[in-house]
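# I would like to see how this sequence folds:
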Amino acid sequence: MRKLKNEYKSFLDDIEKNIKNEEDLKYIQERFTKFLDIVLEEMDYILEYKQEEMDKIEDVQNQLETKIGQMEQVINNIEKDIYSEDGFDFEIVCPYCNYEFIIDVDENKTEIQCPECQNVIELDWTRRGIRRRK
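Numbers count the residues shown, from 1 in each chain. The predicted structure is shown next:
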């Protein structure tokens, strides 16, 4: 705006130097001032409109950031559920004596002994099942 004010003052000074007829000078000054007022009003309107649009964009961005934060929490909770360090329990029913017991999931373990009948049960983690060991 400072540049615009300086240019306006320079313009008025210039026409004062170059227009000798007082009546013409006054007319040009008044006419130019009215024109400039209209231009400035339009600029203000445009700036207000753009500010409103920016405010809307900021609101949407804040809403998106909130939703992203909520999604990150859900994803973190899912990740904790999937990759829990505590391990998972797996229920086994002994194929020999039908005794039910629980073990921690350990995919490196290929067999387990039934605590009831002492028979060895083969574990097949890929099929999520158990097989009788021959």
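# what mean pLDDT does stretch 100-112 have?
Average pLDDT, stretch 100-112: 84.
# end to end, how far does it reach?
13 Å (Cα to Cα, to the nearest Å).
# please state the offset of that stretch from the chain centre?
Offset of stretch 100-112 from its chain centre (Cα atoms, centre = their mean, to the nearest Å): 41 Å.
# do stretch 56-66 as well
With Cα atoms, centre = their mean as the basis, the mean position of stretch 56-66 lies at 8 Å from the chain mean.
# buried set for it?
Of the residues in stretch 56-66, none is buried under the neighbour-count criterion (16 or more other Cβ atoms under 10 Å). (Glycine included, C-beta is placed from N, CA and C.)
# export it as PDB, just CAs?
Output of stretch 56-66 as PDB, limited to C-alpha atoms (Å, rounded to 0.1, in the frame of the first residue of the first chain):
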ATOM      1  CA  LYS A  56     -12.100 -22.200   4.900                       C
ATOM      2  CA  ILE A  57      -9.000 -24.000   3.600                       C
ATOM      3  CA  GLU A  58      -7.400 -23.700   7.000                       C
ATOM      4  CA  ASP A  59     -10.500 -25.100   8.600                       C
ATOM      5  CA  VAL A  60     -10.500 -28.100   6.200                       C
ATOM      6  CA  GLN A  61      -6.800 -28.600   6.800                       C
ATOM      7  CA  ASN A  62      -7.400 -28.600  10.600                       C
ATOM      8  CA  GLN A  63     -10.200 -31.100  10.200                       C
ATOM      9  CA  LEU A  64      -8.000 -33.300   8.000                       C
ATOM     10  CA  GLU A  65      -5.100 -33.200  10.500                       C
ATOM     11  CA  THR A  66      -7.500 -34.200  13.300                       C
END
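# what helices and strands are in contact with the helix or strand containing residue 51?
Assessed by DSSP states H and E, residue 51 sits inside helix 22-82. When contacts are defined as 3 or more Cβ pairs under 8 Å, 6 or more residues apart in numbering; DSSP states H and E, helix 22-82 packs onto helix 2-18.
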